[in-house]
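Enquirer: Structural data only, the sequence is not supplied:
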């Protein structure tokens, strides 16, 4: 299995630009999670999906952030417009119902907003 | 709501020495507990997990952890540290009970481990 795939691995953009992060979960997994990791706040859950439906988006910091999961094998996290304080590493993770609750993480996308 | 505290932000040990990383959780029932490791530039990898049963669990890379209900702790241990163990370690707690929120984990802030030769 290829594991959770994220793209791009690194993104540098200017303030005000739209940023789209992508994630492909492990095949057969029906839960997908988006996290943000910063030095100050640690690892924060932004949103998670079950069977492509958003279940809890209470961690999304503000309306500039949006996430979609159009099908079982693809999800996006979009920031529009981006701000320097959005600079962080964004992780995607997946797991399967009936499994052992452990989440499998992708390698992350390091976002730098200048 | 559940929470996790990792009291040590940074620990330095010598190669070959023993290691214990502390984790305390807050949850009203017996939680699911996890330890993950993150190497620089990498995602998080599961080291071990506790759901029920034997309170001493074994994981990968020679790590083990012990669940102590009375202390609300789930400390990670290794008898002899290798230089390759240098990484950041995260403790996480998940809820028991029904519903999709079972799959939501709360992570501690992490403990950075440095290994001296």
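Expert: Yep, it's here. In this text the structure is predicted, and so the values were computed from the model without any measurement.
Enquirer: contacts and neighbour counts: CA atoms only from here.
Expert: Noted.
Enquirer: number of nearby residues for the residue in chain B positioned nearest to chain A?
Expert: Closest approach between chain B and chain A, counting by Cα to the nearest Cα: residue B:43, at 4.2 Å. By other Cα atoms under 10 Å in any protein chain shown, 21 other residues sit near residue B:43.
Enquirer: Would you mind listing what in chain A touches chain B?
Expert: Contact residues, chain A versus chain B (Cα under 8 Å from any Cα of the partner chain): A:31, A:41-45, A:50, A:91, A:95, A:101-108.
Enquirer: ok, now which ones touch residue B:80?
Expert: Residues near residue B:80 by Cα atoms under 8 Å, 6 or more residues apart in numbering or on different chains: B:15-19.
Enquirer: quick one: the spatially closest residue to residue A:13 that is not a sequence neighbour from residue A:14, how far?
Expert: Closest residue to residue A:13 apart from its sequence neighbours, by Cα to Cα, 6 or more residues apart in numbering or on different chains: residue A:113 at 5.0 Å. Distance of residue A:113 to residue A:14, computed by Cα to Cα, to the nearest Å: 5 Å.
Enquirer: what residues do these two have in common as contacts?
Expert: In contact with both residue A:113 and residue A:14: A:82-83, using Cα under 8 Å, 6+ apart.
Enquirer: More neighbours: which of these two?
Expert: residue A:113 (18 against 14).
Enquirer: Contacts only, for the more buried one.
Expert: A:12-15, A:82-87.
Enquirer: again, only this time at 6 Å
Expert: Contacts for residue A:113 (Cα atoms under 6 Å, 6 or more residues apart in numbering or on different chains) come out as A:12-15, A:84, A:87.
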